[in-house]
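**Student:** Turn this into a structure:
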Amino acid sequence: MDNNSAEFVGSIPDLYDRGLGPVIFADYARAMAEFVALSAPRTVLETAAGTGIVTRALRDHLLAATKITATDLNGPMLDIATDKFAQGEVTLQVADAQALPFGDTMFDAIVCQFGIMFYPDRPKSYREALRVLRPGGRYFFSVWDAHRYNGFARVADAAIKEAFPVDPPGFYRVPFGCAAIDPIKQDLLDAGFTNIVVRVLPILKPVADLDLFARALIYGNPVIDQLKARGSMAADTLVERIAEHLRTEFGRSPTRIPLQAIVYETDRPA
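**Tutor:** As a prediction, this is how the structure comes out:
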């Protein structure tokens with residue numbers, strides 16, 4: 001995946017936040033915040049914060065005195081996050097998780113929801129996380145499980161491949177490409193982390209506005225730019241196909257889609 005394929009710019013951040021956020025991100029954000037709150041951190045760094053969905057959950061679950069710094073490589077995503085907080089409530093900053101602009105041992109906890117799949121050098125990102133954590137600090141992050149456990153992604157990917165049998169856009173292979181647990185555990189151990197806890201969290205999620213969700217599956221991430229580069233099919237036609245496939249497979253009133261994430265928790269040795 002090249003650097004441009006993970007860019008969330010233009011109208012993408014808004015549809016990502018409104019169309020995808022309530023369906024596939026919000027429940028896992030609350031769960032993540034609850035896990036983090038158990039360790040009562042005083043300083044928290046979030047990487048790949050996107051539009052602030054997890055950031056908002058962290059602010060709601062952590063003590064008011066906890067200092068939260070939320071970062072993302074894409075400034076337009078953080079622009080959406082800005083409206084979710086009062087002035088001074090959190091710090092939002094553009095930063096690369098593989099080269100964090102922070103000193104050593106600055107944070108009690110680091111949080112990353114559904115971000116590491118996009119990092120070109122994940123082992124380097126783990127080493128950076130270890131570096132900025134204080135001894136005994138905790139690193140929490142999540143990845144998506146495979147397509148078979150996340151029906152929306154499987155349906156979207158299949159529809160795209162059907163529409164583009166030659167050189168189909170490959171976006172939906174990337175976020176779901178880190179489902180194997182053992183390689184991630186080994187990379188964490190190699191980076192210097194210990195006490196790895198792995199949780200598999202399934203959800204059966206009702207979708208209140210399926211048409212908006214289907215639209216966001218195309219227009220709310222970089223797949224729309226990949227489609228435009230190939231031409232030949234109107235994106236709206238693909239959105240309609242995805243919505244109909246989702247209704248057919250997961251019901252019409254209401255539609256309930258299966259989700260499954262894998263959450264990791266590990267620490268820097270004291």
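**Student:** Quick check: phi and psi on residue 51?
**Tutor:** Here is the backbone geometry of residue 51 (degrees, to the nearest 10): phi -90, psi 20.
**Student:** you'd agree it is up against residue 17?
**Tutor:** Yes: the criterion here is CB atoms under 8 Å, and residue 51 meets it with residue 17 at 4.1 Å. Every C-beta, even on glycine, is put in place using the N, C-alpha and C of the backbone.
**Student:** now the helices for the stretch 101-250 of the chain?
**Tutor:** 122-132, 151-163, 181-191, 210-219, 223-230, 235-250 (DSSP state H, counting those that start in this stretch).
**Student:** which regions of the chain sit below the pLDDT cut-off?
**Tutor:** Where the chain drops to pLDDT under 70, the residues are 1-7, 9, 231-233.
**Student:** Could you tell me which residues touch both of residue 51 and residue 17?
**Tutor:** Residues touching both residue 51 and residue 17 by CB atoms under 8 Å, 6 or more residues apart in numbering: residue 80.
**Student:** Show me which of those two is the more surrounded one.
**Tutor:** More neighbours surround residue 51 than the other of residue 51 and residue 17, with 27 against 23 (other CB atoms under 10 Å).
**Student:** Next, find the distance separating the more buried one from residue 186.
**Tutor:** Noted for residue 51: a distance of 32 Å to residue 186, by CB to CB, to the nearest Å.
**Student:** now residue 112
**Tutor:** Distance from residue 112 to residue 186, by CB to CB: 18 Å.
**Student:** which element is residue 85 on?
**Tutor:** If you go by DSSP states H and E, residue 85 is not part of any helix or strand.
**Student:** ok, it touching residue 59?
**Tutor:** Yes: contact between residue 85 and residue 59 holds when scored by CB under 8 Å: they sit 6.9 Å apart.
**Student:** Compare neighbour counts for the two and give me the winner.
**Tutor:** Neighbour count, other CB under 10 Å: between residue 85 and residue 59, residue 59 has more, with 20 against 17.
**Student:** secondary structure element for that one?
**Tutor:** helix 53-61.
**Student:** Which strands or helices does that helix pack on?
**Tutor:** helix 26-37, strand 43-46, strand 67-72, strand 107-113 (3 or more CB pairs under 8 Å, 6 or more residues apart in numbering; DSSP states H and E).
**Student:** go with 10 Å
**Tutor:** helix 26-37, strand 43-46, strand 67-72, helix 75-82, strand 107-113 (3 or more CB pairs under 10 Å, 6 or more residues apart in numbering; DSSP states H and E).
**Student:** re earlier: which neighbours do residue 85 and residue 59 share?
**Tutor:** 52, 68, 70 (CB atoms under 10 Å, 6 or more residues apart in numbering).
**Student:** In contact with the second one, which residues?
**Tutor:** With contact taken as CB under 10 Å, 6+ apart, residue 68 is in contact with 41, 43-46, 49, 55, 58-59, 62, 85, 89-92, 107, 109, 111.
**Student:** Any figure for the gap between the closest residue to it other than its chain neighbours and residue 270?
**Tutor:** Nearest non-adjacent residue to residue 68, counting by CB to CB, 6 or more residues apart in numbering: residue 90, 4.4 Å away. Note on residue 90: its distance to residue 270, by CB to CB, is 27 Å.
**Student:** Looking at those two, which one has more neighbours?
**Tutor:** Neighbour count, other CB under 10 Å: between residue 90 and residue 270, residue 90 has more, with 23 against 8.
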